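# I'd like to go over a predicted model; first the sequence, then the structure.
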Amino acid sequence: MSSTANTHSGTAGDSIAEATIEAVPEVPVIRITRQFAATPEQLFRAHTDPDLFARWVGPRDLNTKIDHWDARDGGSFRFLNVRGDDEYAFRGCFHTVSPDRIVQTFTWEGMPDAVSLETLRFEDLGNGRTRLVAESLCDSFEGRDGWLASGMEVGVNEGYAKLDELLADGAAG
Amino acid sequence: MTDPLSRVFAALADPTRRDMVARLTVGDATVGALAAPYDVSMQAVSKHLKVLEQAGLVSRSREAQRRPVHLEAEVFDLMTKWIERYRRQAEERYQRLDEVLAAMNGTTESQTDHLIGHHIDQEGTAS
């Protein structure tokens, strides 16, 4: 465990390989940073063309079905992740769709009150490389931590129950 | 901001408290030993420890002044594990994106145009 990276797990600095994540302590933001061997224009297309988007957004064991897609200022989207009879629906509004920046809302329909504001930035690094900075601003710390704690398979409550247990043990000891 | 995970995040938002936690990963330490490297009062250090304690990150026995501070590693690990799992999901998603981008690189402009055109056709016939 790295000693001081309590809210910053993952590879350090500008390492090309893996995504880094930050849970900003002062505001309910999750920030993910990742470099790609692609131009900003290609990354933009992979985020706005529904066929391309459906090929990468969902986990491998789920099928992504685009229900509605209108990637322009003021447009909206809805897509489904399907595994057998299970369906997870996500939707949101595109606020700004520009070559270096996409601003959109994002909701999992299973928790419709938790709406996050997502800002995706495509930073041109030259030589066919681009840094993607994806920020999710949640509407509360609880909401942010819920996203962090969830994953889709393991519920938020299960995670919290486990932490509650640990904290209860600590308080008792 | 009263839920457990937020308390942990808030407790770790302070660099001095992060440093204290980092040093406690090596082993238990008395308040005095913890305070030694910092140019702050014992009261300030006690205040930091109280925040860490309330977040469940450290524990002290009743005789707080003399007894060592203990890191509740499980709570700390659980939080980092959650964040790491979320990060790994993002990384897996972006590895799939790498493949899509590589495929885009492999196709010529006209082929890509054709793919996009094909999609528009599909939408056109569907609506």
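Everything's here; your move. Numbering: from 1, shown residues only, chains lettered A, B, ... in the order given.
# touching chain B at all, stretch A:38-50?
Yes: counting by C-beta under 8 Å from any C-beta of the partner chain, chain B has neighbours in stretch A:38-50: A:A38, A:Q42, A:L43, A:R45, A:A46, A:D49, A:P50. To be clear about C-beta, it is placed using only N, CA and C from the backbone, and glycine gets the same treatment.
# got a list of what A:D124 touches?
A:T39, A:P40, A:D100, A:T130 (C-beta atoms under 8 Å, 6 or more residues apart in numbering or on different chains).
# Please give the element, helix or strand, for it.
In this assignment (DSSP states H and E), A:D124 forms part of strand A:115-126.
# Let's test this: mean pLDDT of the next helix or strand after that strand, rounded?
The helix or strand immediately downstream of strand A:115-126 is strand A:129-137, counting by DSSP H and E. In this model, strand A:129-137 has an average pLDDT of 94.
# just the angle between strand A:129-137 and strand A:115-126, please?
On the basis of axes from the mean of the first three to the mean of the last three C-alpha atoms, to 10 degrees, strand A:129-137 is oriented at 160 degrees to strand A:115-126.
# Now do the strands in chain A.
A:8-10, A:20-24, A:29-36, A:63-69, A:76-83, A:86-98, A:101-108, A:115-126, A:129-137 (DSSP state E).
# now chain B
Under DSSP E, chain B gives strands at B:58-59, B:70-71.
# Can I get the ones you listed in CSV including distance to chain A?
Shown next, in CSV, are the strands of chain B (distance: least, C-beta to the nearest C-beta, whole Å):
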stretch, distance to chain A
strand B:58-59, 5
strand B:70-71, 9
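# any idea which of those strands is most buried?
Comparing those by mean neighbour count (mean count of other C-beta atoms under 10 Å in any protein chain shown), strand B:58-59 ranks first with a mean of 24.
# got a list of contacts for that strand?
In contact with strand B:58-59 (C-beta under 8 Å, 6+ apart) are residues A:G170, A:G173, B:M20, B:V21, B:L24, B:L49, B:L52, B:E53, B:V69, B:H70, B:L71, B:E72.
# now do 10 Å
Here strand B:58-59 makes contact (C-beta atoms under 10 Å, 6 or more residues apart in numbering or on different chains) with A:169-171, A:173, B:11, B:17, B:20-21, B:24, B:28-29, B:34, B:48-53, B:67-73, B:75-76.
# for stretch B:92-109, same thing?
Contacts for stretch B:92-109 (C-beta under 10 Å, 6+ apart): A:18-19, A:32, A:34-39, A:41-43, A:45-47, A:49, A:51-60, A:128, A:130, A:132, A:134, B:111-115.
# returning to what we had before: going through the contacts of strand B:58-59, which ones are buried?
A:170, B:11, B:17, B:20-21, B:24, B:29, B:34, B:48-49, B:51-53, B:69-72, B:75-76 (16 or more other C-beta atoms under 10 Å in any protein chain shown).
# Where does pLDDT dip in chain A?
A:1-17, A:146, A:148-173 (pLDDT under 70).
# please redo it, this time with the cut-off set to 90
A:1-30, A:55, A:57-63, A:81-88, A:108, A:110-114, A:128, A:138-173 (pLDDT under 90).
# For it, which residue gets nearest to chain B?
Closest to chain B within chain A is A:P25: 3.2 Å, counting by C-beta to the nearest C-beta.
# What number of residues are in the vicinity of the closest residue in space to that residue that isn't next to it in sequence?
With C-beta to C-beta, 6 or more residues apart in numbering or on different chains as the criterion, A:P25 has its nearest non-adjacent residue at 3.2 Å, and that residue is B:A13. Using other C-beta atoms under 10 Å in any protein chain shown, B:A13 has 16 neighbouring residues.
# wait, isn't B:A13 in contact with B:V21?
No: applying C-beta atoms under 10 Å, one finds B:A13 not in contact with B:V21, separated by 11.8 Å.
# For chain A, what's its nearest residue on chain B.
Closest to chain A within chain B is B:A13: 3.2 Å, counting by C-beta to the nearest C-beta.
# now the residue positioned nearest the centre of chain A, which residues is it bridged with?
Centroid-nearest residue in chain A: A:S136, 6.6 Å away (criterion: C-alpha atoms, centre = their mean). Assessed by DSSP bridges, A:S136 has beta-bridge partners A:I30, A:E118.
# wait, it sits on A:E22?
No: distance between A:S136 and A:E22: 11.0 Å, which falls outside the contact criterion (C-beta under 10 Å).
# Quick check: neighbours shared by those two?
Shared contacts of A:S136 and A:E22, counting by C-beta under 10 Å, 6+ apart, come down to A:V29, A:I30, A:R31, A:I32.
# Can you check the pLDDT for B:L97?
So, for B:L97, pLDDT stands at 95.
# residues near it, how many?
22.
# A:P112 now?
There are 10 residues near A:P112, going by other C-beta under 10 Å.
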